[in-house]
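> Let's see this in three dimensions:
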Amino acid sequence: MYRDVEKVAKSVYRCSFVEPSPYLMIKLGKLSGHFSKMIFDLMGLNGSDFSARADNDFVYGVVLSAVVTSVYLDSRRRGLDTSAVCYEDLVAHPFDMCRVILGFCHLPVSLAELAVKAFDIDSQRSSVLAKSVVGRFKEPEMTPEIKTKLNELLKKHGLPLIGEPGIIEGTLTCS
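Numbering: from 1, shown residues only. The predicted structure is shown next:
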């Protein structure tokens, strides 16, 4: 599952107030891109591919989105039968998208109504990532200069840019 990269960046920034890893990445990443390289190396990825100095508070979220999307696209290129789901499509058309997802997974589409009921509950409600917690934090403004820098980073990885339709190859859709 993926979502609009700007929303990911803002969400990761808000989560950094309650989760140590994103907080450290954002703060230490302002010193050098070496910190993001080191963290992604520790995750088993080639950190050199995703090394970026966090000169603004959104870089870590954009890089994280780039990592996940790149791994997904690489899996498809290697022949893995996988598809993506766009979170915004799921929220906009929950019943139809649940039917598509269940069908893709070879599960009974009759379970779609039950699946949609899960949307009424914050899945993180008992954690520090609950909407009621992270929703209190305001994110910094996405200035045109920041957007330009982030789009350069996204372009480097061949990913959809902020402000443009961001449909990833192999995305399941209900239309």
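> quick one, strands of this protein?
For the chain, strands defined by DSSP state E do not occur.
> pLDDT-wise, which helix or strand of it ranks last?
Of all helical and strand segments in the chain, the minimum by mean pLDDT, DSSP states H and E falls on helix 131-134, at a mean of 76.
> buried set for that helix?
Applying a neighbour-count criterion of 16 or more other Cβ atoms under 10 Å, one finds 133-134 buried in helix 131-134. The C-beta positions use only the backbone N, C-alpha and C, and glycine is treated the same way.
> what's the answer for stretch 83-102, then?
So for stretch 83-102, counting by 16+ other Cβ under 10 Å, buried means 83-86, 89-90, 94, 96-102.
> Go through this structure and flag its longest helix.
Using DSSP state H, we find that the single longest helix of the chain is helix 59-77.
> Could you list every helix and strand that that one packs against?
helix 5-15, helix 20-29, helix 34-42, helix 144-156 (3 or more Cβ pairs under 8 Å, 6 or more residues apart in numbering; DSSP states H and E).
> Give me the angle between the second one and helix 59-77.
What it means is helix 20-29. 110 degrees (axes from the mean of the first three to the mean of the last three Cα atoms, to 10 degrees).
> just to revisit the earlier point, contacts for the longest helix of the chain?
2, 5, 8-13, 16, 22, 25-26, 29, 36, 40, 43, 45, 49-50, 52-54, 82, 84, 149-150, 153-154, 157, 159, 168-170 (Cβ atoms under 8 Å, 6 or more residues apart in numbering).
> Residue ranges in the chain under the pLDDT threshold?
Along the chain, segments meeting pLDDT under 70 span 122.
> run the last query once more with 80
For the chain, the stretches with pLDDT under 80 are 21-22, 25-26, 29-33, 35-36, 39-40, 43, 45-54, 121-133, 135, 175.
> Just give the number of residues close to the nearest residue to Pro160 once chain neighbours are set aside.
Using Cβ to Cβ, 6 or more residues apart in numbering and skipping residues adjacent in sequence, the residue nearest Pro160 is Gly166, 3.5 Å away. Around Gly166 sit 20 other residues, with neighbours defined as other Cβ atoms under 10 Å.
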